[in-house]
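>>> Got a predicted structure plus its sequence, pasted below:
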Amino acid sequence: MKRRCWLFTTCILALATSSFARGQVWDFLGHAEIDRNHSHERIQILRRSQSFRNIQLRVTGEPIFFDRLIFHFANGTSEEFVVSGRISPEEKNRVFELSDGRTLDSVDLWYYKEPWGRNPQVSLYGIHLADVESKSSE
């Protein structure tokens, strides 16, 4: 019994240390309040001078059923992610990995209109491309 307890504790500490070592800082990129009268919102990116590889979407307030997200880049290209699912505040976040590190200009959120009690909010966070590359080379 003591051996199993010790093994379990060791595994938990190893996972915690590993997660801490890989800890990443998410930079705030922008937000939007979702309006129940629309099915689309655009978030303009605040940090346009940096390239991001991972984008985290956080929902607060009410759950939102997203159809798709379209990431628009400064070079005129875009990348679409089909979500086709509900993202709730309890889920905390959803991470999208962009195909390469381009400078993000805006993100279009396409969602289904619902009779929310209060309008939910969506916030975007990103990890710099340089941070992702340095963590993968360690």
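Alright, I've got the coordinates. Just so it is clear, the structure is predicted and the values come from calculations on it, not from any experiment.

>>> Report the mean per-residue pLDDT for stretch 56-66.
For stretch 56-66, the mean per-residue pLDDT is 93.

>>> should've said stretch 121-128
Taken as a whole, stretch 121-128 carries a mean pLDDT of 92.

>>> In contact with the closest residue to residue 91 other than its chain neighbours, which residues?
Excluding its sequence neighbours, the residue lying closest to residue 91 (Cβ to Cβ, 6 or more residues apart in numbering) is residue 59, at 7.3 Å. Every C-beta, even on glycine, is put in place using the N, C-alpha and C of the backbone. Shown in contact with residue 59 (Cβ atoms under 8 Å, 6 or more residues apart in numbering): 87-89, 91, 120-122.

>>> who does residue 59 bridge with?
Beta-bridge partners for residue 59, by DSSP bridges, are residue 122.

>>> Can you tell me the centre-most residue of this protein?
In the chain, the C-alpha nearest the mean C-alpha coordinate belongs to residue 56, at 1.1 Å (Cα atoms, centre = their mean).

>>> which SS state does that residue fall under?
Counting by DSSP: H, G, I helix; E, B strand; the rest coil, the backbone at residue 56 sits in strand.

>>> ok, it touching residue 98?
No: using Cβ atoms under 8 Å, residue 56 is not in contact with residue 98; the gap is 11.7 Å.

>>> Tell me where the protein has strands.
Counting by DSSP state E, one finds strands in the chain at the ranges 27-33, 40-44, 52-60, 64-73, 78-87, 94-97, 104-111, 121-128.

>>> Relative to residue 35, which of the contacts of residue 59 is nearest.
Nearest to residue 35, judged by Cβ to Cβ, of the contacts of residue 59 is residue 120 at 9.8 Å.
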